[in-house]
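Q: How does the following fold in three dimensions:
(one chain, ligands or ions: 2)
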Amino acid sequence: MYKVLITDPISEFGIKQLLEAPDVEVVRNTNLSPSDLLSIIGDYDALLVRSQTQVTSEVLAAAKRLKAVGRAGVGVDNIDVTAATEAGIVVINAPDGNTISTAEHSFAMLMAVARNIPQAYRKLADGTWDRKSFQGVELNQKVIGVIGMGRIGTEVAKRAKVFGMTVLAYDPFLTEERAQKLGVTHATVDDICRQADFITVHTPLTKETRYLISSKEFDKMKTGVRVINCARGGIIDEKALYEAIITGKVAGAALDVFEVEPPVDNPLIGLPQVVVTPHLGASTVEAQENVAVDVSGEILKVLRGEPFRNAVNLPSIPPHVMERIEPYFTLGEKLGHFLAQVTVGSVQEIAISYSGDLTEVDTAPLTRTVVKGVLSFHLGEEVNFVNAPLLAKARDITVTEKKSTQNRGFTNLLTVTLKTTQQTRMVAGTRLNGYGARIVKIDEFAIDVAPEGYLLYIHHNDRPGVIGRVGSILGENGVNIATMQVGRRDMGGDAIMMLSVDKPLTAELLDTMGELPEVKSVTQIEL
Ligand SMILES: NC(=O)c1ccc[n+]([C@@H]2O[C@H](COP(=O)([O-])OP(=O)(O)OC[C@H]3O[C@@H](n4cnc5c(N)ncnc54)[C@H](O)[C@@H]3O)[C@@H](O)[C@H]2O)c1
Ligand SMILES: O=C(O)CC[C@@H](O)C(=O)O
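A: Ligands and ions are numbered 1, 2, ... in the order given. Next up is the predicted model:
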């Protein structure tokens, strides 16, 4: 039974699949102090949070069973992702579910600051009918600068266009073609500062984007500009913003996020030109359901060892790529695990070659599964999909990946070569329609074996009677052979036998088989 701890308020509908999963026990406690969390986290396999719970390196160090931290939302600023990666803990987020809600909130804030809606509301609510103080500006025919054209920035830009605005957009990944397709003008931050009537930021908060908009940028702006931040506090320098408002450069600001949340003695709050909300961008019924559904589903997959998509500490896998490579995940891991069991010496290099259909997609996630398969034979559960490359690097193991045109007649082929201090061995596998995963080559021998269960890999001389003797010994010792495959290079030369058996052999029985005439080696493999 997997234990999942939920420590922030998360949509009930969204976590339904966790609550109903027969293999999951959910514990909800949204009143834990940091020390409470430290003392109980060791019992849990997954932790599900929003933005309040601080998942620090101490929490992660105490989380001996933890396999995943799920964030019902986009930003993972409250999670020590580096510490999680080192510990092999997957950090999952839900990047798509709150895009529309946050874009709509950004637009609502833009309109609120353009027309002074909250200020007018407050005055009227206080009993004053004031029609002079709140003259606003139209959006139509104004220039808006969108900095960060990812999911939310793009949706904001689309809405701005519908309102008759000219959109200047900056994002290091915005191509001219995409800008044209969206009907926006590709611009620099400098262009935006000089030309825009409204500036809205939609980047993550990184070293590069901290104080992206500060005094230097405000100095370049048109007098009367209005700025919006519904992304992360700190992208706009709050001190510089305050100065720019006081000097009259900036006519208004709309802020949903702050450098410190909740804000403490923040002079921006209460300024008549500033519209604020307490980080409400994603606070809609729809967004909270979406993010909770997404992250709960992904957590279930991580716990059950199934492929997942949205890990922050792993490159994300687009759905069309996932669809193509998912069937090979288990095969890749098993090929790695197979080689680790038949090879002697310390691993120096893992080389993976993809051919056929597999050359058409990004196979980096598959490479991780192969590396995991190799390392897990020696490192056990310590190694997983997240930390496998790090663990290989820490052991000076080179991992290479190449695409090859040599598919040996298979529509797809995954070939893994393991170089150790003592030998170099190779195994190749494929997926055959109707038969599933198969091992089709071991070193120079063609073979056809399902990579599962207990296998006996016997290297022998191709002589009459060897196969019979192997079968008899197993039979005499009560070991049932499920399947048997032989492969040889030349008649009477080097040959291999691959048997799948119903139960593992004892060490004594393995020795007895190894002593048979013409048998060179016997290796038991578990896949
Ligand atoms: N207020 C809220 O409640 C709320 C809700 C959801 C998301 N957010 C925040 O909104 C922001 C955007 O989210 P998203 O889902 O659109 O993310 P996203 O990853 O889809 O987009 C971010 C974009 O910023 C771009 N970028 C990175 N550095 C940049 C730079 N120096 N200059 C310009 N662009 C840069 C990236 O290339 C990317 O395209 C994030 O900070 C996220 O945490 C806030
Ligand atoms: O409401 C939340 O949980 C924060 C939403 C937002 O900032 C995010 O990063 O997804």
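
Q: rest of the way, CA atoms for contacts and neighbours
A: Will do.

Q: Any idea which helix or strand in this structure has the lowest mean pLDDT?
A: Across the helices and strands of the chain, mean confidence by mean pLDDT, DSSP states H and E is lowest for helix 319-325: a mean of 83.

Q: Can I get that one as PDB, trimmed to CA atoms?
A: Extracted C-alpha coordinates of helix 319-325, given in PDB (Å, rounded to 0.1, in the frame of the first residue of the first chain):
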ATOM      1  CA  PRO A 319       2.500  13.400 -25.600                       C
ATOM      2  CA  HIS A 320       3.200  12.400 -29.200                       C
ATOM      3  CA  VAL A 321       6.800  11.300 -28.200                       C
ATOM      4  CA  MET A 322       5.500   9.500 -25.100                       C
ATOM      5  CA  GLU A 323       3.100   7.600 -27.300                       C
ATOM      6  CA  ARG A 324       5.900   6.300 -29.500                       C
ATOM      7  CA  ILE A 325       8.500   5.500 -26.800                       C
END
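
Q: And the next helix or strand past it?
A: Heading C-terminal from helix 319-325, the first helix or strand you meet, by DSSP states H and E, is helix 329-342.

Q: Give the residue spans of the stretch 301-450 of the chain that score low on pLDDT.
A: The model of the stretch 301-450 of the chain has pLDDT under 70 over residues 315-316, 381-382.

Q: Do a quick rundown of the helices in it.
A: Listed in chain order, the helices of the stretch 301-450 of the chain (DSSP state H, counting those that start in this stretch) span 319-325, 329-342, 364-379, 388-394.

Q: Buried residues in the last one, which are they?
A: Think helix 388-394. Ala388, Pro389, Leu391, Ala392 (16 or more other Cα atoms under 10 Å).

Q: picking up where we left off before, out of the helices of the stretch 301-450 of the chain, the one nearest ligand 2 is which?
A: Proximity to ligand 2 (Cα to the nearest ligand atom) singles out helix 319-325 among the helices of the stretch 301-450 of the chain, at 20.7 Å.

Q: ok, and what's touching the closest one?
A: The contact list for helix 319-325 (Cα atoms under 8 Å, 6 or more residues apart in numbering) reads Arg309, Leu358, Val361, Asp362, Thr363, Leu366.

Q: which of those residues count as buried?
A: By neighbour count, with 16+ other Cα under 10 Å, these hold Arg309, Leu358, Thr363, Leu366 as buried.

Q: Kindly indicate whether Gly233 is helix, strand or coil.
A: Three-state assignment for Gly233 (DSSP: H, G, I helix; E, B strand; the rest coil): coil.

Q: Return the residues of this structure in contact with ligand 2.
A: With the criterion set to Cα under 6 Å from any ligand atom, the chain comes near ligand 2 through Arg50, Ser51, Gly73, Val74, Gly75, Ala282, Ser283.

Q: Of these, grab the buried ones for PyMOL.
A: Here is the PyMOL selection string for the buried members of the residues of the chain next to ligand 2, based on 16+ other Cα under 10 Å:
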select buried, resi 50+51+73+74+75+282
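
Q: Go through the residues of the chain next to ligand 2 and name the one nearest Lys301.
A: Distance to Lys301, by Cα to Cα, is smallest for Gly73 among the residues of the chain next to ligand 2, at 17.8 Å.

Q: For that closest one, give me its contacts.
A: Each residue near Gly73 by Cα under 8 Å, 6+ apart is listed here: Arg50, Ser51, Asn93, Ala94, Pro95, Gly97, Asn98, Ala282, Val291.

Q: Settle this for me: Phe410 is touching Thr430, isn't it.
A: Yes. Under the criterion of Cα atoms under 8 Å, Phe410 makes contact with Thr430 at 7.2 Å.

Q: Neighbour count: those two, which is higher?
A: Using other Cα atoms under 10 Å, the more surrounded residue of Phe410 and Thr430 is Thr430, with 24 against 16.

Q: Spatially nearest residue to the more buried one, not counting backbone neighbours?
A: Leu413 (4.9 Å; Cα to Cα, 6 or more residues apart in numbering).

Q: Look up how far Lys207 lies from that neighbour.
A: 42 Å (Cα to Cα, to the nearest Å).

Q: coming back round to it: if you look at the contacts of helix 319-325, which of them are in strands?
A: Of those, none are assigned to strands by DSSP state E.

Q: and Ala179, what is it in contact with?
A: Ala179 neighbours (Cα under 8 Å, 6+ apart): Ala169, Thr185, His186.

Q: Report the two of the contacts of Gly73 separated the most.
A: Most distant of the contacts of Gly73, by Cα to Cα, are Ser51 and Gly97, 15.1 Å apart.

Q: which two from the residues of the chain next to ligand 2 end up farthest apart in space?
A: So, the residues of the chain next to ligand 2 by Cα to Cα: farthest apart are Gly75 and Ser283, at 14.1 Å.

Q: Output the contacts of Ala179 as JSON lines; include the columns neighbour count and pLDDT.
A: Below are the contacts of Ala179 laid out as JSON lines (neighbours: other Cα atoms under 10 Å; pLDDT from 0 to 100):
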{"residue": "Ala169", "neighbour count": "26", "pLDDT": "97"}
{"residue": "Thr185", "neighbour count": "16", "pLDDT": "98"}
{"residue": "His186", "neighbour count": "21", "pLDDT": "95"}
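
Q: now, which of the residues you listed sits nearest ligand 2?
A: Ala169 (21.4 Å).
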